[in-house]
Every structure is written in C-alpha cells, then in structure tokens.
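> Test case, fold it:
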Amino acid sequence: MQQQKLKIAFNIDHFLPQRGGAERYLFDLVRFLLKEGHQIHIFAMDGEEIIPKNTRNFVFHKIPHIKFTRWMKSLSFVVMSSYMIKKEKFDIVQVLGKNLTMDVFQPHGGSHRASFRQNVLAFSENPLIRAIYAFFRVMDPKTLLFYIIEWCQFHAGKYPEILCISKLVMNDLRRYYHVPDKRMHLIYNGVDGEKFSLETRREWRDISQRELNVVNEKVILFIGHNFKLKGLKYFIESLAIIRKSNPDIKLKAFILGKGKAEKYLDLINNLNLKDICVFTTADRIEKYYCAADLLIQPTFYDPCSLVVLEALSCGVPVITTSFNGAGELIEKGITGDVVSNPRDISEIAASSQHFLKKTDIEKIAFLANQSVNQYNNETVHKRLLKFYFDYIENKLEK
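Below is the predicted model:
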C-alpha cells in the first residue's frame, strides 16, 4: 500500500500561503506530497499562480463564485466546490474550510461556534456591550451561514474522518457536536525546522540584534494580525507591569502584524511605553525570533498557533493562554507558560519576568527547541501520509 501514488483533492477558500495559518500549512503539505510523487488537485477561489502550471502532478481548479456579498460569496463557493469535486474521482478529498463533499475534514480555524464565543469575549470587558455585539453578529447572514455549514459538516450523512490540530479543537467538537472520539485524529501543526532552528538563532542572533538596535535589551515579541482577538491590549498592559517591576531591565517590544496600530497608540502613550513599543509588518519574521528573548501571545482563540511553534523552534520561550491549542506543547516554567485568562495581566507579567530574569539563555533555547523537535514539517507530513494510507486501507476493508 505504501508504494501507491495517491490522487488527493484539497479544498480551501484561498490557496495563498502569505495569508498564514491554514493556507501556509497546505502550501507546505502540497510541496511535500508532490515531492513524494502524489497527484494533487487544489480547489480554491484564488492562488492559481502559487505553484507553476507546468508542475508535474499538480492541477489547480479555480472555483467560480458570486462576489456580491460576503455570505453569497461563501455559499456559492461551497456549492461550486462540491459540484466540481464530484465531477472527478479521488482517493481522498480533504477539506480545510467550508465544504460538504469530503472524506477528511481538517478544521484549521477550529470550531466556528468556539471561535464566535471567543471573539465576543475579546470584543469588550463590558458584558452588556458583548451581548449587543453578539446579537448583531448572529444577525449577520454570513455568521448564520457558517453555523449552518458547520452543523451540516457533522450531521449531514456520515461523519468524515476529522484531523484535529490540537486537543482544544477536539474538546470543542465534542462539546458542540458530540463528535465520537473514534472519528477524531490528533496531528499538531508542523513547523519549518530548517528555517526556524537553533542553528539559525545562533548564526543570526548577534546580527539581528544589531540590525534592530537591541544589543543590550531584552526583546519581547507579539505577533498576530487580529489585534483584538490576539489580546494586544493585555500584552501592552502587561508590559507596563513588567517595566515597573524591573527598572533595571531594558526592554524593547516588537508588535508584528497588519492590524490597526492607531487604536493602541493612546494606551501605549498613557502607560509611558512609547519608547519601547515598535509596530512593524516585517517579512523576515525569523530575524525577530533570533533577536527575541520572549514571545507573549495572550490570545482569546487559536486552534494551534503556528507562531508559537516557530518561536519555540527558534529557542524562544512563549507565554500564551489556555485558549491556544499550541499551548499544549509548552512545558510550564521550562519552555514558557500558559495562563488561564487573557485579561490576567498580572499573571502574564509574572510568567514573563520568570524568563526575562533567567541567565541560562542557551539552556532555555535548547529546551524550547527540543520541545517541538518532533513537530517539524517533514515528520508531521509523514504522519499525515500514513494517515491517508491507513484511511484508504480501512475503506477497502469495509
């Protein structure tokens, strides 16, 4: 069975690795599968130029869709994706987003219901404002459509095999849809172990620190595009506590992402942090990992943050929350910490100071790297390939 070359269809809204998350994950997986000689078909709205058209065993299917409104765009994509996929026979059809025609479902964004709940929680500290926000969000046709699609994915006909990227996702699917354990398979995200590595850190750390002008400073990172959901407000407030409690430590905080920085400038100014906070949309993210001493990600929801895996792989300890599936890979007090509440800035600050004060930086970096060593891309991709063969074998036996 292992010698068989598979014909696999992947369905995703956008095949654009620069978007990060599921898109970047799938791009890396497709390259691996093509290298192994398997035939890959992508069904997506866009991204046909990402892999050259003349690439052997690769076919891109551009899904036509209605662009008039967001909900019509999503609905037409689901309908047309299913129609086009059914026109051809595949060994495996894997969906990473919104579709109902599939053998394997990998909900990279986690459960829509869980995501909605946490987005509402992140919107405001005021319960009344959250309730009003939730009401209007529920009335949005796109939100209602996503609820219906997700319900159908777990209730229309037989369950697909579900690839979960964290225990957090598995627990949400049990909670909201009573998905049986035998249908769920845990395979964490992978990380590019060559690009994000201790070797890269050791080679570029001094150079990166000089480039960023942080040679004698402790560097703290925040990375994420959705500033509200990722908890930027509480990152900034925790910085104020860290700075006040440690006047002898020179700090620099880099905030990487494409969110609206102006919404947070008043908070930074009021907390007298203007001199240490830098907003940037740098492309070479590994440069910042190499210079960093700590990553803080007080997120309200992340099925399995790739940023956490990349930081750990580069030897950077991480402080995140229990709403981040990647936090399951953190060894408390050794490679980072996991706080229960994104708004608990005192706990975030205390956990951060534990690592900022440590002097055995090389040991911490080594342990952080080793904690995700088994989740490098190649290892994870081989696990996925084994899963595909096992799935086909079980299907034939039935």
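> Could you pull out the buried residues of stretch 215-233?
217-224, 226-233 (16 or more other CB atoms under 10 Å). Where C-beta positions appear, they are placed from N, C-alpha and C, glycine not excepted.
> Helices along the stretch 1-150 of the chain, start to end?
Ranges of helices within the stretch 1-150 of the chain are 21-35, 70-86, 112-123, 127-139, 141-155, based on DSSP state H, counting those that start in this stretch.
> For residue 313, find the nearest of the ones you listed.
helix 21-35 (13.8 Å; CB to CB).
> How about the residue nearest the centre of the chain, nearest residue that isn't a chain neighbour?
In the chain, the residue lying closest to the centroid (CA atoms, centre = their mean) is residue 305, at 3.5 Å. With sequence-adjacent residues excluded and distances taken as CB to CB, 6 or more residues apart in numbering, residue 305 is closest to residue 326, at 4.4 Å.
> Tell me if I'm right that the one you found and residue 301 touch.
No - the pair residue 326 / residue 301 is not scored as a contact, 11.9 Å apart, by CB atoms under 8 Å.
> quick one, which of these two is more surrounded?
Regarding residue 326 and residue 301, a neighbour count based on other CB atoms under 10 Å identifies residue 326 as having more, with 31 against 27.
> The more buried one in helix, strand or coil?
Following DSSP: H, G, I helix; E, B strand; the rest coil, residue 326 is assigned to helix.
> one step back: I'd like to know how far the residue nearest to residue 305 sits from residue 346.
Distance of residue 326 to residue 346, computed by CB to CB, to the nearest Å: 23 Å.
> Check residue 163 too.
Residue 163 is 37 Å from residue 346, by CB to CB.
> can you check residue 263 too?
When residue 263 is compared with residue 346 (using CB to CB), they lie 23 Å apart.
> same deal with residue 287?
Here residue 287 is placed at a distance of 31 Å from residue 346 (CB to CB).
> Which of these two has more residues huddled nearby?
residue 287 (18 against 12).
> Apart from its neighbours in sequence, what residue is nearest the more buried one?
Closest to residue 287 by CB to CB, 6+ apart is residue 208, at 4.7 Å.
> Residue 395 belongs to a helix, doesn't it?
Yes - counting by three-state DSSP, residue 395 is found in a helix.
> neighbours of it, just the number please.
Count around residue 395 with other CB under 10 Å applied: 12.
> do the same with residue 63
Neighbours of residue 63 under the rule other CB under 10 Å: 23.
> repeat for the one 5 residues further on
Using other CB under 10 Å, residue 68 has 9 neighbouring residues.
> so where do the strands sit in the stretch 201-350 of the chain?
For the stretch 201-350 of the chain, applying DSSP state E, counting those that start in this stretch gives strands covering 218-223, 251-256, 277-280, 294-297, 318-321, 336-339.
> could the ones you listed go into JSON lines alongside distance to residue 12 and mean pLDDT?
Shown next, in JSON lines, are the strands of the stretch 201-350 of the chain (distance: least, CB to CB, whole Å; pLDDT from 0 to 100):
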{"stretch": "strand 218-223", "distance to residue 12": "22", "mean pLDDT": "96"}
{"stretch": "strand 251-256", "distance to residue 12": "24", "mean pLDDT": "96"}
{"stretch": "strand 277-280", "distance to residue 12": "28", "mean pLDDT": "94"}
{"stretch": "strand 294-297", "distance to residue 12": "24", "mean pLDDT": "98"}
{"stretch": "strand 318-321", "distance to residue 12": "26", "mean pLDDT": "98"}
{"stretch": "strand 336-339", "distance to residue 12": "29", "mean pLDDT": "97"}
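> Make a markdown table from those and add distance to residue 148 to it.
Shown next, in a markdown table, are the strands of the stretch 201-350 of the chain (distance: least, CB to CB, whole Å):
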| stretch | distance to residue 148 |
| --- | --- |
| strand 218-223 | 33 |
| strand 251-256 | 35 |
| strand 277-280 | 38 |
| strand 294-297 | 31 |
| strand 318-321 | 29 |
| strand 336-339 | 33 |
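> For residue 122, give me its contacts.
By CB atoms under 8 Å, 6 or more residues apart in numbering, the contact list for residue 122 reads 228, 229, 231, 300, 301, 342.
> This completes my enquiry, with thanks.
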